[in-house]
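Asker: Structure for this input, please:
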Amino acid sequence: MKPILVSGIQPTGKLHIGNYLGMLKNAVHLQNSGKYQCYFFVADLHSLTEDFNPKDKPAQIKNVVLDMLAAGIDPKKSIIFIQSAVPAHSELAWILNTITPFGELSRMTQFKDKSEHASENINLGLFDYPVLMAADIILYDAKFVPVGDDQLQHLEFTRTIARKFNNKYGETFIEPQPILTRASRIMSLDEPKKKMSKSRPAGCLFIDDSPDTIRKKIMSAVTDSRSEVKADIEGKEGIGNLILLYSALSGETSAKIEKKYAGKGYGQFKRDLAEVAVKTLTPFQKKKEELSKNTTLINKSVAAGNKEANTVASKKLLEVKKKIGLYK
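Answerer: Numbers count the residues shown, from 1 in each chain. The predicted structure is shown next:
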């Protein structure tokens, strides 16, 4: 039996190139490796921690499913489901809450970071986010979770809470291991010292952007007053980020890119990077447009995934309830 791998993505607006490289492209690679039984879900419960319009949420959820399918996540190979369609996620999260020390959550750096950017909406769900994330993972006996370095703290929390439950109630959960995503951390185009984030759309290159928009955004991306296409130099975070993006999209090493553009300046480099981005995203966009017309395929894929996820999650939750005395 293949080890289980779990990963989710929030429906909080359009996905950007960092999401594509860090989650979607990597998910397809992991799926097609044949090494894992993959569960990929739309983390709609997590998305409620941010301000949103209820009227927009169904379309956002559908858009993420389309992104998954268009990127190459195959419902015949992987389980695609909606988090809120599996009640066991919320129920297990509450049970885990009862053994989670307040101090553990108060140390989460991501909560501190998000609180700074959303001071008007510091809600309990945002604080408790790691507990629900832990439930998302250990509910399926996941052995592996693909993560970026910014999610390692949350995964370590998951391992800690699984271990604590096992020690208190008996062996129940697997302590998941990280699979560090191969894509490097893509930073904001307008503020390259900060990670590209949907919460800051001005610095995002969205995967649904038109070719002209992609070209415009890359040509206007922040660099510096110099012209040397070279990374890892203090004060050149902007060009370093663009080199990183070029490398992630093309597969060429940063060293090869630096050598390729030696003496050519930022203008030529940016123009070529824009075309690499357009070439990468155009097939994805065309596939997504085709799939958007096939409502039956979308609905069947999600319905089948929801059913499978519910079957697995319900069985695990029953085991948990028996361990803590809620079910004989």
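Asker: ok, which stretches of the stretch 201-328 of the chain are strands?
Answerer: With DSSP state E, counting those that start in this stretch as the definition, the stretch 201-328 of the chain shows no strands.
Asker: okay, and for it, where does confidence drop off?
Answerer: The stretch 201-328 of the chain contains residues with pLDDT under 70 at 232-235.
Asker: Helices of that one, residue ranges please.
Answerer: Using DSSP state H, counting those that start in this stretch, the helices found in the stretch 201-328 of the chain span residues 211-219, 237-250, 254-260, 265-292, 295-324.
Asker: What degree of burial does the residue nearest to Ser227 when sequence neighbours are not counted show, as a neighbour count?
Answerer: Once flanking residues are discounted, Ser227 sits nearest to Gly265: 4.5 Å by Cβ to Cβ, 6 or more residues apart in numbering. For glycine as for every other residue, the C-beta is placed from the backbone atoms N, C-alpha and C. Using other Cβ atoms under 10 Å, Gly265 has 12 neighbouring residues.
Asker: still on that earlier bit, of the helices of the stretch 201-328 of the chain, give the one that comes closest to Phe173.
Answerer: helix 295-324 (8.5 Å; Cβ to Cβ).
Asker: so how far is that closest one off the chain centroid?
Answerer: Centroid displacement of helix 295-324 relative to its chain, using Cα atoms, centre = their mean, to the nearest Å, is 21 Å.
Asker: What of stretch 279-287?
Answerer: 20 Å.
Asker: i'd like the first residue to be 191 from this point on
Answerer: Sounds good: first residue 191 from here, last item stretch 469-477.
Asker: Next, the buried residues of that stretch.
Answerer: Neighbour-count burial for stretch 469-477 flags 470-471, 474-475 (criterion: 16 or more other Cβ atoms under 10 Å).
Asker: contacting residues around that stretch?
Answerer: The contact list for stretch 469-477, computed with Cβ atoms under 8 Å, 6 or more residues apart in numbering, reads 207, 210, 260-261, 397-399, 401, 404, 439.
Asker: out of those, what pair is the most spread apart?
Answerer: The widest separation within the contacts of stretch 469-477, taken as Cβ to Cβ, falls between Ala261 and Pro401 and amounts to 18.4 Å.
Asker: Which of these two has more residues huddled nearby?
Answerer: Ala261 (20 against 15).
Asker: Thanks again, I'm all set now.
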